[in-house]
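[1] Here is a sequence with its predicted model. Questions after.
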Number of protein chains: 2
Amino acid sequence: MSRIVTVAAAQLGPIELAHSRAEVVDRLLALMRQAAGMSCDIVVFPELALTTFFPRWFMAEQAEIDRFFEREMPGPETQPLFDEAARLGIGFYLGYAELAEEGGRTRRFNTSILVDKQGRIVGKYRKIHLPGHAEHEPWRAFQHLEKRYFETGDLGFPVWDAFGGVMGMCICNDRRWPETYRVMGLQGVEMIMLGYNTPVHNPPAPEHDALSLHHNTLVMQAGAYQNATWVVGVAKAGNEAGVPMIGGTQIIAPSGETVAMCATTNDELAVARCDLDLCTSYKESVFNFDRHRQPAAYGLITARKGVREAAE
Amino acid sequence: MSRIVTVAAAQLGPIELAHSRAEVVDRLLALMRQAAGMSCDIVVFPELALTTFFPRWFMAEQAEIDRFFEREMPGPETQPLFDEAARLGIGFYLGYAELAEEGGRTRRFNTSILVDKQGRIVGKYRKIHLPGHAEHEPWRAFQHLEKRYFETGDLGFPVWDAFGGVMGMCICNDRRWPETYRVMGLQGVEMIMLGYNTPVHNPPAPEHDALSLHHNTLVMQAGAYQNATWVVGVAKAGNEAGVPMIGGTQIIAPSGETVAMCATTNDELAVARCDLDLCTSYKESVFNFDRHRQPAAYGLITARKGVREAAE
């Protein structure tokens, strides 16, 4: 058997502060059309794909921050993505900053959506593992204020029946945490899409910088293999506002093998015909959870957030 | 700062059915002496290191099975390991089949122990993720009857203060499961020792065979990085009783980098000076669990053993 989903991982080069939404959407449309021209079923864009990665700046004024957020999806500037997707018959994953009025208050999330080939939103995910810090830390070469500008996602890690399989989403730092993949794996996920903005330089631990691409590949390959799922990881890459960001956009099979990869840090597609049925032999053998998992031994994973003494 | 633990990963080539305990212990002693000669603090032996990997055969008679088990540790045949360790001032990890009389019944586990430089057992672990099957499956080229011959380990994944750091153990198939590393990571583990017997060929999924070394490295590197711990993975390797087993013995840093590796599938040491303080910058930055983990989103990991429909 085979259930082919042809996927384009649509890496973006830098988006500068001065770039308008319209300019960015034009770039996304160009990538979408390339993907459609290669018979792709879905094109995966990065995290926060509509603007520069704004958490690198401390901003005191909420109005200044909110310029980077979308109040509706689609909105006037993003509607062309949905229209073109429907016209071409291609789905997409898009990351963006979401401003929502919910429960009588304004909420802000680092969000992704999954859109089907008819241009309809079929899934929404709000980033759970926000990296960085909440307070201005001027000693850093640049800030990483996701913990300040976003709330922790409140939608869990759901999966969706779409594109002929079981689809999941996560965003950026989520990919470093095995729990992310496992919660979706326990729901039978067959393809996890994720976008990221990862600076090469991590100010609190610069001694890791040279390994950033190794770590990126390592965590996504492990998540794919250990949960018998495809993983599509897509970077916003290159030197953005003076901050070099890793590329490393890749499509990973349930075997843990990278089967397609970008070679630049610019706008670039990596494309693969992904057979969802390749998940099966892993899900039924080494990672047959029903046969082999031992949740009775995993209690600390949900009982405890951080490290404590062994004897409490 | 640095806290150096010099480790020898002591890979074993095949042990045939006809080999006596005394012959095997002599090989272990030779490796131990090599390690001591290189100023190692600890030598890590494989899983079930005292006999051939007997779960590859179906045996109906319990007495025949029990020949492969140790009724005491140390026993007459293993006492020389403890004596030589004390004499040389070197610790060791040893995997063996454990037969215990507990609670009025005979229990059998796939066990490892941690022995200090004075030859004293300071920790015991009983394998939790037993792979393979419980019933005779004659269609296989060889059996993998761990689920028949052993009980699931009942000691959890503890850690021990030893060798100047926080030490953990697991065994073989445990290493494929991110939960294994995470439960120890949540107790601040700094070095995880593990032995394995991994056939190249997996009868239920032969399409994975060519990837067996890739998977071995992938899961151990990911476990090391994602928990900011050293991992020492040690194979029983080579063609044992006609069944080729992978080597791939290696020592992995908290960066996820393999820093020492065996190049054969015979008796061979891989040695590294492991600085436990290299864990710190990972534990305090990207894998600062207290800052970044989100257990509220991880519920399924402990609530559910296998895959169910998303909507229950």
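    Nice, I can see it. Owing to the predicted nature of the structure, the values given are computational and were not obtained by experimental measurement.

[2] after the helix or strand hosting residue A:34, next one along is what?
    Following DSSP states H and E, one finds residue A:34 within helix A:21-37. Next along the chain after helix A:21-37, taking DSSP H and E as the criterion, comes strand A:42-44.

[3] Next, the contact list for residue A:246, please.
    Contact partners of residue A:246, counting by C-beta atoms under 8 Å, 6 or more residues apart in numbering or on different chains, are A:198-200, A:212-213, A:216, A:235, A:237, A:265. The C-beta positions use only the backbone N, C-alpha and C, and glycine is treated the same way.

[4] can you pull the buried residues of stretch A:117-125?
    Counting neighbours by 16 or more other C-beta atoms under 10 Å in any protein chain shown, one finds that the buried residues in stretch A:117-125 are A:117, A:119, A:122-125.

[5] and what of stretch A:259-274?
    Counting neighbours by 16+ other C-beta under 10 Å, the buried set in stretch A:259-274 is A:259-262, A:265, A:267-274.

[6] so residue A:251 touches residue A:262, yeah?
    No: using C-beta atoms under 8 Å, residue A:251 makes no contact with residue A:262, being 9.9 Å away.

[7] could I get stretch A:11-22 in PDB with only the CA atoms?
    C-alpha atoms of stretch A:11-22 as PDB (Å, rounded to 0.1, in the frame of the first residue of the first chain):
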ATOM      1  CA  GLN A  11      12.000  27.800   3.800                       C
ATOM      2  CA  LEU A  12      12.100  31.600   3.900                       C
ATOM      3  CA  GLY A  13      15.100  33.800   3.900                       C
ATOM      4  CA  PRO A  14      15.200  36.900   6.100                       C
ATOM      5  CA  ILE A  15      12.200  39.200   6.500                       C
ATOM      6  CA  GLU A  16      13.300  42.700   7.400                       C
ATOM      7  CA  LEU A  17      11.400  45.000   9.700                       C
ATOM      8  CA  ALA A  18      10.600  47.300   6.800                       C
ATOM      9  CA  HIS A  19       9.000  44.600   4.700                       C
ATOM     10  CA  SER A  20       5.300  44.900   4.400                       C
ATOM     11  CA  ARG A  21       2.800  42.000   4.800                       C
ATOM     12  CA  ALA A  22       2.100  42.300   1.100                       C
END
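
[8] Give me the contacts around that stretch.
    With C-beta under 8 Å, 6+ apart, stretch A:11-22 has contacts from A:24, A:27-28, A:31, A:45-46, A:49-53, A:77-78, A:234-241, A:245, A:247, A:249, A:262, A:264-270.

[9] again, only using 6 Å
    Outside of stretch A:11-22, the residues within contact range by C-beta atoms under 6 Å, 6 or more residues apart in numbering or on different chains are A:24, A:46, A:50, A:52, A:77, A:234-240, A:249, A:262, A:266-268.

[10] Check stretch A:195-208 too.
    A:46-47, A:53, A:95, A:140-141, A:172, A:209, A:212, A:234-236, A:243-246, B:281, B:285.

[11] Keep only those of those residues that are in strands.
    Applying DSSP state E to the contacts of stretch A:195-208, the entries found in strands are A:95, A:234-236, A:243-245.

[12] Among those, give me the pair with the biggest separation.
    Greatest spacing in those, by C-beta to C-beta: A:95 and A:244 (19.8 Å).

[13] The two: which has the busier surroundings?
    residue A:95 (28 against 15; other C-beta atoms under 10 Å in any protein chain shown).

[14] gap between the more buried one and residue B:301?
    25 Å (C-beta to C-beta, to the nearest Å).

[15] same question, residue A:62
    36 Å.

[16] Going by how many neighbours each has, rank these two and give me the top one.
    residue B:301 (23 against 10).

[17] so how far is whichever helix or strand that one is part of off the chain centroid?
    According to DSSP H and E, residue B:301 maps onto helix B:299-303. Chain-centre distance of helix B:299-303: 25 Å, with C-alpha atoms, centre = their mean, to the nearest Å.

[18] and it, C-alpha only, in CSV?
    Output in CSV follows, covering the C-alpha atoms of helix B:299-303 (Å, rounded to 0.1, in the frame of the first residue of the first chain):
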residue,chain,number,x,y,z
GLY,B,299,-1.0,14.1,30.2
LEU,B,300,-1.4,11.3,27.6
ILE,B,301,2.2,10.2,28.2
THR,B,302,1.2,8.7,31.5
ALA,B,303,-2.5,8.3,31.0
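
[19] that older thread, go through the buried residues of stretch A:117-125 and flag which are in strands.
    In this view, the buried residues of stretch A:117-125 that belong to strands under DSSP E are A:122-125.

[20] what's the most distant pair in the buried residues of stretch A:259-274?
    A:265 and A:273, at 24.9 Å, using C-beta to C-beta across these.

[21] do you know how far the nearest residue to residue A:142 once chain neighbours are set aside is from chain B?
    Spatial nearest neighbour of residue A:142, excluding adjacent residues (C-beta to C-beta, 6 or more residues apart in numbering or on different chains): residue A:56 at 4.4 Å. Using C-beta to the nearest C-beta, to the nearest Å, residue A:56 is found at 17 Å from chain B.
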